[in-house]
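Colleague: Here is my input, please return the structure:
(one chain, ligands or ions: 1)
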Amino acid sequence: MIKNYIGNFKNLLIKIQRYNSVHYRFYSSVKDYSISKTRNIGIIAHIDAGKTTTTERMLYYAGHTRRIGDVDDGTTVMDYLKQERERGITITSATITFAWRNYRINLIDTPGHVDFTVEVERSIRVLDGAVTILDAVSGVEAQTQTVWAQANRYNVPRIAYVNKMDRVGARFGKTVKEMKYKLGAIPLVCQIPVMQKDNRGNVLFCGIVDLLDMQVLDWNKDPKGSIINKTPLTDKYPIMGIYNEAIKGRSSLIEALSEMDDNMLDLFLSAEDHMKISVEDAKQALRRLTLRGKAVPVFCGASFRNIGVQPLMDAVIDYLPCPLDRPVPIASLSGDESVEILPKENEKLCALAFKVIHDNKRGPMVFVRVYSGKLDNHMTLYNTNTQHKERVNKLLQMYANDVEEIPSITAGNIGVIIGLKETRTGDTLIQFNDSRKSLRLQTIDIPAPVFFRVVEAAGISEEKPLEEALKNILREDPSLHVHIDQDSGQTLISGMGELHLEIVKDRLLNDFKVKAELGKMRISYRETVITDKIDHTYLYEREVMGKRVKAQISLTITPLYENDQGSFKEGGNRITLNLSKKTIVSDELDQSINSQETNELINLSFEEISNAVYTGIISSLYRGPILGFPITKLSINVHSLRLFGAESTKTAISTCASQALTDALKGRNLVLLEPLMNVNIDVPEEYLGVVLGDLTGTRRGNVLGLETSGNVFDNFDNNIEIYVPSDSTSFSSNNNNDTVVNPKRVIHAHVPLSTMLGYSSSLRSLTGGTASFDMRLSSFGIMSDDRAKAVIREMQGGF
Ligand SMILES: Nc1nc2c(ncn2[C@@H]2O[C@H](COP(=O)(O)OP(=O)(O)OP(=O)(O)O)[C@@H](O)[C@H]2O)c(=O)[nH]1
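Modeller: As a prediction, this is how the structure comes out:
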């Protein structure tokens, strides 16, 4: 027995020496759970709602950590990038796996800041369900609405957690109301808060009532909140009013469930009393409705005080879907064909790389969700986007900044691959010997970057490391773009916001240790032409390596209609190739249209020729004639291409297409466009005037609407009646009554981005930190002559 023990210990030491960053854990193993016992969930919310604080508690209660990390001290497990700890915000989505009630939870913590919405979107893409955290004082904030809409786009079932119930001014009922009014959700309240007065008369949040099993839960026995005290709620309970409120809450919940769920309706009709409906039946009905996206179960707590987190973890298991509960993903094959990707281990492998992180020791870490089949260690893969063969060196399970090596990742699970050299965020991976080489899972749309900065190496010896570092950052972050300015030769890096590029700078200098300088933050403008219609034919003729290359292209350019955003991929333009195989090739001797197939005359397929034309048009759109900003808002229709003789190459065709477009725009009425942002500002009534004045004055904002937050509930046309616990009863926080104290107004406006630089700090100083805002690119608008001249002067003054 002792021998055995020593033998095992030696093995363990050998393993530790072999790979010193693998941590062998003795708690909460998460292996071998079936797909139905897996939950891939995310936490989405407004900045500072308490995502990281809540997640840290989840890890602690699941036994994954031995102490509770604190955002304010910079000791959290989830925010593990140096910049995240320093700034106390989440930038990259850390993925973490832990076990709860014998289920495996793969949890993705997502950033709340508006600059990182792409990060949220790519996480939502791979989630099966989400926990929305709301701040009980601020309620539903602007960014909550943004992330809620993102989750709607992917039909992600959600539960909600109203956090910070311990704060003065916390109002659970008002927050529930706002969920219905502002988010368009049907919130079903599953818990109500227990509030109690202390000796000094302050009302404190000290527990919750579970409306399903009618028990009072408190965490008073253990300051770390590991022990939950449960007491059945009866009419003898010492806090006045709470029993009646709970009865009202339970009957409303059962009624709402019966209105929406047929099984529950049957039970409801046959039961004499809603109290007789079992907890299990109610839970099942709630689960069915949540999975169908019909309702959102609502819970409450104060994570920072260690109250309410374990019931939330239970709710993740009870109400959020396993991969089998989700619609089967459809992947595209070449042409119009598509295939269902079944979540089964014995199917062919199909995985999506949803995140790439560069790790100094391990190299690129590719986070994947396996949709079907099984991904084994050392497998040879095929990346259908880059069309490269890739080899798996190691598979890892992540525990935030801690890892465990695993032999495989099965269908429905999330893990990390080490060893892939070319894979980027959004790529589809299959097994190398799979014949479905064009199989692609749907990827996310990435909004156009609106800021850029020049980045320069501090010396010649730093150029290579800078190039390498930028390459790695680009693989990680698809919302960043790097390109070389043709006139100045400078490298420009563009992204989604000021903070986004600030973090890139931090990472280049501190993580990648590159000596580089970054120029001023600049707005990324666009260019377009004001015209009715341009018909243009262009002849390209060159001598290339002793051979004469000749091609002719005809195209038509028209502006896109006001509401037509164009295609993301095509930079807000719409490119149509109206080429048919029979009209492409002409014999030089006989200029008439030749009826032969393309490949009989030249060595290129029709697809290669079309791709070359497309690439040429795209490259020309990338750099406009005024200041070299991308061209946008055009519809370009290429309707004829003639190749003369058999010598045409793909490069020659691309160059012809690119020059045809540039030539067509020469001497036309070209204008500069500036990014216009959709701005939503939550502001207390007393600061409304000052914020509006600032917005419509120097910031040139155009106010589209004003709403009152919270009180407009009745306007919402949603005929399911929902239960809203009163915020005015004796057990509720601080004796607030239902009338909104400090009501907030929501300003919706269109504002040029150029006037919104540094807006967070000026809004903070205008409102004493009581307002919050959310900003997204709406469109690109034409600039006035004066503004355009000023921008041209500024840009020509150098970067
Ligand atoms: N009073 C109180 N404060 C809380 C509670 N939960 C979180 N906080 C505080 O709120 C602040 C923000 O918490 P985080 O957990 O970093 O919020 P987050 O949503 O992860 O923030 P981002 O990652 O930046 O989006 C910190 O100062 C926390 O200590 C709570 O239940 N009560």
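Colleague: Now do the strands in the stretch 401-550 of the chain.
Modeller: 402-405, 408-410, 414-418, 428-431, 451-457, 481-484, 491-495, 516-518, 522-523, 526-529, 534-544, 547-559 (DSSP state E, counting those that start in this stretch).
Colleague: Serialize these to CSV and add fields for mean neighbour count and mean pLDDT.
Modeller: Every residue, glycine included, has its C-beta placed from N, CA and C. As requested, the strands of the stretch 401-550 of the chain are exported to CSV (neighbours: other CB atoms under 10 Å; pLDDT from 0 to 100):
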stretch, mean neighbour count, mean pLDDT
strand 402-405, 18, 80
strand 408-410, 20, 94
strand 414-418, 23, 93
strand 428-431, 24, 96
strand 451-457, 20, 89
strand 481-484, 14, 84
strand 491-495, 21, 88
strand 516-518, 16, 89
strand 522-523, 18, 86
strand 526-529, 23, 94
strand 534-544, 14, 88
strand 547-559, 19, 87
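Colleague: show me what contacts G697?
Modeller: Residues counted as contacts of G697 (CB atoms under 8 Å, 6 or more residues apart in numbering): none.
Colleague: residue ranges with poor pLDDT in the stretch 1-150 of the chain?
Modeller: For the stretch 1-150 of the chain, residues meeting the criterion pLDDT under 70 lie at 1-32, 66, 69-94, 109-117, 119.
Colleague: which residue ranges form the helices in it?
Modeller: 2-18, 51-61, 82-87, 117-126, 142-153 (DSSP state H, counting those that start in this stretch).
Colleague: Pick out the residue of the stretch 551-700 of the chain closest to the ligand.
Modeller: D682 (15.9 Å; CB to the nearest ligand atom).
Colleague: Touching, that residue and A771? I think so.
Modeller: Yes: D682 lies in contact with A771 (CB atoms under 8 Å); the separation is 6.0 Å.
Colleague: Settle it for me: which of these two has more neighbours?
Modeller: D682 (26 against 21; other CB atoms under 10 Å).
Colleague: Pull up the distance across stretch 612-632, start to finish.
Modeller: In stretch 612-632, first residue to last residue: 20 Å (CA to CA, to the nearest Å).
Colleague: Same question for it: list its buried residues.
Modeller: 612-618, 620-621, 623-624, 626-632 (16 or more other CB atoms under 10 Å).
Colleague: For the residue of the stretch 551-700 of the chain closest to the ligand, give me its contacts.
Modeller: Contacts of D682 by CB under 8 Å, 6+ apart are 138, 141-142, 709, 744-746, 771-773.
Colleague: Flag whichever of those residues scores worst on pLDDT.
Modeller: Of all the contacts of D682, S709 carries the smallest pLDDT score, 55.
Colleague: distance of the residue of the stretch 551-700 of the chain closest to the ligand from A45?
Modeller: 14 Å (CB to CB, to the nearest Å).
Colleague: ok, back up a step: near the ligand, from the contacts of D682?
Modeller: The subset of the contacts of D682 within reach of the ligand, by CB under 6 Å from any ligand atom, is empty.
Colleague: In strands, which of those appear?
Modeller: 744-746, 772-773 (DSSP state E).
Colleague: Including distance to R574 and neighbour count, could the residues you listed go into JSON lines?
Modeller: Shown next, in JSON lines, are the ones in strands among the contacts of D682 (distance: CB to CB, whole Å; neighbours: other CB atoms under 10 Å):
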{"residue": "K744", "distance to R574": "40", "neighbour count": "24"}
{"residue": "R745", "distance to R574": "39", "neighbour count": "19"}
{"residue": "V746", "distance to R574": "34", "neighbour count": "21"}
{"residue": "S772", "distance to R574": "36", "neighbour count": "23"}
{"residue": "F773", "distance to R574": "32", "neighbour count": "22"}
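Colleague: For the biggest helix by length in the chain, buried residues please.
Modeller: Longest helix in the chain, counting residues (DSSP state H): helix 242-260. Residues 242-243, 245-247, 249-258, 260 are the ones in helix 242-260 that count as buried (16+ other CB under 10 Å).
Colleague: which residues are in contact with that helix?
Modeller: Under CB under 8 Å, 6+ apart, the answer for helix 242-260 is 186, 188-190, 192, 194, 209, 211-212, 214, 233-235, 237, 264-265, 267-269, 274-275, 277, 282, 285-286, 289, 294-295, 720-723, 725-726, 729, 731.
Colleague: Filter those down to just the ones in strands.
Modeller: Using DSSP E, those in strands are 188-189, 192, 194, 209.
Colleague: Show me which pair in the residues you listed is furthest apart.
Modeller: Greatest spatial distance among those (CB to CB): L188 and V194, at 19.3 Å.
Colleague: before we move on, the earlier item: now the ones in strands among the contacts of D682 in JSON lines, with distance to T428?
Modeller: Shown next, in JSON lines, are the ones in strands among the contacts of D682 (distance: CB to CB, whole Å):
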{"residue": "K744", "distance to T428": "44"}
{"residue": "R745", "distance to T428": "45"}
{"residue": "V746", "distance to T428": "40"}
{"residue": "S772", "distance to T428": "37"}
{"residue": "F773", "distance to T428": "37"}
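Colleague: from those, which is closest to the ligand?
Modeller: S772 (11.9 Å).
Colleague: doesn't Q143 make contact with the closest one?
Modeller: Yes: at 7.4 Å, S772 and Q143 qualify as touching, with contact defined as CB under 8 Å.
Colleague: per-residue confidence at E721?
Modeller: So, for E721, pLDDT stands at 77.
Colleague: Equivalent analysis for the one 5 residues further on, please.
Modeller: With respect to pLDDT, S726 scores 81.
Colleague: That one touches F172, doesn't it?
Modeller: No: S726 lies out of contact with F172 (CB under 8 Å); the separation is 9.4 Å.
Colleague: Could you verify that A612 is part of a helix?
Modeller: Yes: assessed by DSSP: H, G, I helix; E, B strand; the rest coil, A612 belongs to a helix.
Colleague: circling back to that earlier point, the more surrounded of L188 and V194?
Modeller: Neighbours per residue, other CB under 10 Å: of L188 and V194, the larger number sits with L188, 28 against 24.
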